[in-house]
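>>> below is the structure, and that's it, no one-letter string:
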């Protein structure tokens, strides 16, 4: 099915593009969410992913699986979004530091959908997400694709365009770094 989809998509067939979207939308949305931790941001980035797929299908290499190519776009778009958000935070900090106020630069925290959610569990999730986000980018990507998206090391190697042993090493180092960060956090705060 994947081979037929990519050929039809390259032939600029919009009906097949809809099939691509339906086939991969949940996976793309989940991947974006695992990097961004915000549903609305993940939906926006997922939409950008499919726009990019539609625009750049001509650049698709036949030797890679279509799903691998789509994952790579989703990861890159998610990381681009994170970088832009960090730049906005730095700008907001500088504006506030210099005494200015700009409503658009103020960071808005998303409120939980159900106020009766267990705050302790949410705090632990936030601590874990913060620790994961503090990992070096390549370790964060490999760990996220492995643990959140459930991809095999071979799939991750294809997405990142690195060797299988490099993926295994990245995941191993990511787990070690994550363990150290969490240990230090809880040692300090508990």
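Received the coordinates, thanks. Please read all numbers here as calculations on a predicted model, not as lab measurements.
>>> rest of the way, CA atoms for contacts and neighbours
Noted.
>>> quickly find the element holding residue 151.
Applying DSSP states H and E as the criterion places residue 151 outside every helix and strand.
>>> quick check: it touching residue 145?
Yes - with contacts counted by CA atoms under 8 Å, residue 151 reaches residue 145, the gap being 5.8 Å.
>>> which residues of this structure score low on pLDDT?
1-13, 87-118, 120, 190 (pLDDT under 70).
>>> between residue 151 and residue 145, which is the more surrounded one?
Higher neighbour count among residue 151 and residue 145: residue 145, with 23 against 15, using other CA atoms under 10 Å.
>>> contact partners for the more buried one?
By CA atoms under 8 Å, 6 or more residues apart in numbering, residue 145 lies in contact with 31, 151, 156.
>>> swap the cut-off to 6 Å and go again
Residue 145 is in contact with residue 151, counting by CA atoms under 6 Å, 6 or more residues apart in numbering.
>>> where along the protein do the helices fall?
Assignment of helices within the chain using DSSP state H yields the ranges 2-10, 14-36, 39-56, 66-97, 119-133, 137-143, 153-160, 164-189.
>>> let's have those helices in a markdown table, adding mean neighbour count.
Shown next, in a markdown table, are the helices of the chain (neighbours: other CA atoms under 10 Å):
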| stretch | mean neighbour count |
| --- | --- |
| helix 2-10 | 15 |
| helix 14-36 | 18 |
| helix 39-56 | 18 |
| helix 66-97 | 17 |
| helix 119-133 | 14 |
| helix 137-143 | 21 |
| helix 153-160 | 20 |
| helix 164-189 | 15 |
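>>> got the domain ranges for the chain?
1-110, 111-190 (automatic domain parsing).
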